[in-house]
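In: Could you look at this predicted model? Sequence included:
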Amino acid sequence: MLDNEAREIERQTVAILKVLSESTGSLGSISIARSLQEHGVYLSERAVRYHLRITDERGFTQPLGRDGRMLTSKGLEELRNALAPEQVGFVIERIASLAFQTTFDPEKRSGDVTINTSLFLKDKFKKALSAMKDAFSAGICVSDRVAVADQGEKLGDVIIPEGHVGLATVCSATVNGVLLKRGIPMDSRFGGILEIRNSQPRRFVAVIHYAGSSLDPSLAYIKAGMTSVRDAATKGEGKILANFREIPAAAKPMAEQVIEKVKEAGIGGVVLMGNTSRPVCQIPIGLNKVGVILHGGLNPVAAAEEAGVEAENIANSGLLDFRQLGSFWDI
């Protein structure tokens, strides 16, 4: 009986974390109780407050006075772990959702872009920045525009925890979003490790298909120590994070024009665009499709990890106004 009660409390707690993860701002107990009903969970305002005290104690939520609660990075991780069995394909759905919400206009250089958020210990942040320089300098990134936040501040959907500094890097899903707004659909197939030789992309040596994963491939590769971004940046020989997409062949001329405008606005990320139905870096392409390889937005952070500076990374962590980003070289 007690086990059943404990499981029910955990189910309700996860539901509350899910509601908070879907909000762009903080929520109070009344708003949470109403939103829970949409998930088939019926709790009184008092019961919600009880659960929030538990999530506060566990570090999953952060109280903001009368403004309610916000999900912490620890809470987001707990939510992903709790939902992992039912979230196969979560990554591709998240990419599609954020791409749809991306409003970046390269001509106006305004609007929201998709970001990744990385959390560094304050006393390690300078070392991390130093280790990232070569990757940014070599263009092994989506953009050299970043945002920095201190504890208590927010980047995307992530609140920066105590003792940490948050770094937002532009995610390759931004390219998906910009193309989508111009009527060009982009099929996100997988994230992989791309081998670089003589400063040119050669082949993928590891791939994880988004449709079959509940974890962003870049996070898995970084933690497994499978990258050598620093070598790729300084020697032209190494292994970097890359994402593989496909677009309709008929859309290639327009896509090239849009991508060039996006690049002029400070967001690049395209490693290579292939030809109709022709393999790209040894990856077969569908009929009347064109393969596109994009840099992983977390490549600079992977370089920091290679230098021994650990980070907690949240890929596809939300949206950020492009005007809030500044040059990495100004940090």
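Out: On my side now, so go ahead. Numbers count the residues shown, from 1 in each chain.
In: Which positions in stretch 42-51 come out as buried?
Out: By 16 or more other CB atoms under 10 Å, the buried positions in stretch 42-51 come out as 43, 47-49, 51. (C-beta placed from N, C-alpha, C; glycine too.)
In: Ignore what I typed, I meant stretch 195-212.
Out: By 16+ other CB under 10 Å, the buried positions in stretch 195-212 come out as 195-196, 201, 204, 206, 208-210.
In: any idea of the mean pLDDT for that stretch?
Out: Computed over stretch 195-212, the mean pLDDT rounds to 94.
In: Could I have the CA atoms of that stretch written out in PDB?
Out: C-alpha atoms of stretch 195-212 as PDB (Å, rounded to 0.1, in the frame of the first residue of the first chain):
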ATOM      1  CA  GLU A 195      35.800  12.900 -38.900                       C
ATOM      2  CA  ILE A 196      37.900  15.900 -40.200                       C
ATOM      3  CA  ARG A 197      41.000  15.400 -42.300                       C
ATOM      4  CA  ASN A 198      43.000  18.100 -43.900                       C
ATOM      5  CA  SER A 199      40.500  20.500 -42.500                       C
ATOM      6  CA  GLN A 200      37.700  18.900 -44.600                       C
ATOM      7  CA  PRO A 201      34.800  16.700 -43.600                       C
ATOM      8  CA  ARG A 202      35.500  13.000 -44.500                       C
ATOM      9  CA  ARG A 203      33.000  10.600 -43.000                       C
ATOM     10  CA  PHE A 204      30.800  10.000 -40.000                       C
ATOM     11  CA  VAL A 205      32.300   7.500 -37.500                       C
ATOM     12  CA  ALA A 206      29.400   7.300 -35.200                       C
ATOM     13  CA  VAL A 207      25.700   8.200 -35.500                       C
ATOM     14  CA  ILE A 208      22.600   8.200 -33.200                       C
ATOM     15  CA  HIS A 209      19.300   8.600 -35.000                       C
ATOM     16  CA  TYR A 210      17.000  11.200 -33.300                       C
ATOM     17  CA  ALA A 211      13.900   9.100 -33.900                       C
ATOM     18  CA  GLY A 212      15.100   6.300 -31.700                       C
END
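In: what are the ranges of the helices in the stretch 101-250 of the chain?
Out: Along the stretch 101-250 of the chain, counting by DSSP state H, counting those that start in this stretch, helices occupy 125-137, 173-181, 217-223, 229-235.
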